[in-house]
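[1] With the sequence up front, the predicted model follows.
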Amino acid sequence: MNAIRHHFSPLQRVLHWVMAVCILTMLFIGVGMVSTIMPKYVPLVSIHKTLGSIILVLALIRLVTRFYYGARRCRPTCPSR
Amino acid sequence: MPEPRPSPARSVLGSLVLIGVVIAGSAAAFAYTAGWLSPERLTPWKMLEALAPPSGPALGYRRNHAKGICVTGVFESNGNGAAISRASVLAAGQYAALGRFNLGTPNPDAADASVRVRGLGLRIMPPNGQEWRMAMINAPVFAASTPEGFHELLVAAGSKDPNAMKVFAEAHPEFAPFGAWAKNAPWTGSYAEDRFNGLNSFVFTDSSGADHAVRWSLLPQAQVVPVTQDDLKKLDPDFLEQEITQRVRSGPQRWTMTVTVANPGDPTADPTKAWPEDRRTIEVGTLVVQRIEAEADGPCRDINFDPTVLPPGMRTSDDPFPAARSSVYAKSYDLRTAEAKDYPRTVTGPKP
């Protein structure tokens, strides 16, 4: 926390990309399951529930890591907000 | 002519093209998954459209089996079912039961004598939360082999073409046993005298891990008095609800639950095909109905009797119907619960 950090921590980066994959997967499973009456409907709903719960847990972990590590410091080239 | 070097503008263009391809590809994959590129896909929505009467669905009600009444009681499990399933609901004991007697019609105001198919949705709740939901009907076999066939049947039944049903029946010989039942089987004057059949097959897993393909039924313990449809037409349009309310008030009503185990090779994926009579059949318990309540304020109103809600020790089989029913019931549930104002509760809302 002392040195100026220009990167997110490896843990934060892993969380970010794991959640990106999970959320995109959720979009596809969600739109697929509500448009089918095939037997795959049942496992799709089941995965959707489980994955949704996992995403909630990951989001909570992500909040903790954000409070612990903070955000990266912007480089001079980084677009101003 | 010298080879031109890629200018900064061109590499920006290249990047934009790449981004465009990724976005378009993702959008196409999403549209494909959603079924927007396959209009022939049978969706829950299409099934509900086919179920709806020409005047449109009754808002706030179930999209099929719309007329019903709530029942509560207990399921007395005798423990015999533990031989074929490790589900706690089949271990000896008494478990709370909540159900709904209903008529197979999308019209909640249909006259009772006009509806051939009667049903019972049931939810058995052991204290550990591993509940068992089911929805059964009085027919001995189902009307269609596949959800697609059922959709065709609904379209034919709702068609203005007078020959539509004849054409359907000729193209679908598997409809014949159900058709014969609907035409020839005697009626009863009471839900208490009806037999309710699960029709779909499921897989039970016993404590050793062995699987058994099964179907189940509830057999009435009340004396069955066969009557004709014409006898029933002389009665009040709501005679079934009035009769069961009075009968249960004078004493609990009972049904014996039996589970039939398939032999290897029996048709488990096709609910139009009955299994031979000699198959192993186990009496697993008794449903005791102790109380009847009107649906508007009753405990069954907001329950989705989804046949894929099963305890550990039971699961769906290769029968395609439970999954199809689950998907369509979920859509029906979403719609009717959002339309609750169209079906007011009598206690908290205005009188209907």
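    Structure received.
[2] Let's see the pLDDT reported for residue 20.
    Picked chain A for this. A:A20 carries a pLDDT value of 97.
[3] Chain B, not that one
    96.
[4] Quick check: which element contains it?
    helix B:8-34 (DSSP states H and E).
[5] Break down the chain into its helices, ranges please.
    Looking at chain A here, since you left the chain open. Listed from the start of the chain, chain A has helices (DSSP state H) covering A:10-33, A:41-69.
[6] nope, chain B
    Using DSSP H, helices in chain B cover B:8-34, B:44-51, B:147-157, B:164-171, B:176-184, B:229-233, B:239-250, B:321-338.
[7] Any regions of the chain where pLDDT drops low?
    Since you didn't name a chain, this refers to chain A. A:1-4, A:79-81 (pLDDT under 70).
[8] try again with chain B
    Scanning chain B for pLDDT under 70 picks out B:1-9, B:348-352.
[9] Residues of it that sit close to chain A?
    B:29-30, B:33-35, B:41-44, B:47, B:147, B:308, B:316, B:318, B:320, B:322-324, B:326-328, B:331 (C-beta under 8 Å from any C-beta of the partner chain). In short, each C-beta sits where N, CA and C put it, glycine included.
[10] I'd like the helices of chain A laid out as CSV, including mean neighbour count and distance to chain B.
    CSV is the format used below for these (neighbours: other C-beta atoms under 10 Å in any protein chain shown; distance: least, C-beta to the nearest C-beta, whole Å):
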stretch, mean neighbour count, distance to chain B
helix A:10-33, 14, 4
helix A:41-69, 14, 5
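[11] got a list of what whatever residue of the stretch 201-350 of chain B ends up closest to chain A touches?
    Per C-beta to the nearest C-beta, B:A324 is where the stretch 201-350 of chain B lies closest to chain A, at 4.0 Å. Applying C-beta atoms under 8 Å, 6 or more residues apart in numbering or on different chains to B:A324 gives the contacts A:37-38, A:41, B:47, B:147, B:150.
[12] With distance to B:T337 added, can I get the helices of chain A in JSON lines?
    Formatted as JSON lines, these follow (distance: least, C-beta to C-beta, whole Å):
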{"stretch": "helix A:10-33", "distance to B:T337": "19"}
{"stretch": "helix A:41-69", "distance to B:T337": "17"}
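[13] And those: which comes nearest B:P126?
    helix A:41-69 (20.9 Å; C-beta to C-beta).
[14] got the angle between the closest one and helix A:10-33?
    Per axes from the mean of the first three to the mean of the last three C-alpha atoms, to 10 degrees, the angle that helix A:41-69 makes with helix A:10-33 is 160 degrees.
[15] what distance separates helix A:41-69 from the centre of its chain?
    Distance of helix A:41-69 from the chain centroid (C-alpha atoms, centre = their mean, to the nearest Å) equals 8 Å.
[16] elements contacting that helix?
    helix A:10-33, helix B:321-338 (3 or more C-beta pairs under 8 Å, 6 or more residues apart in numbering or on different chains; DSSP states H and E).
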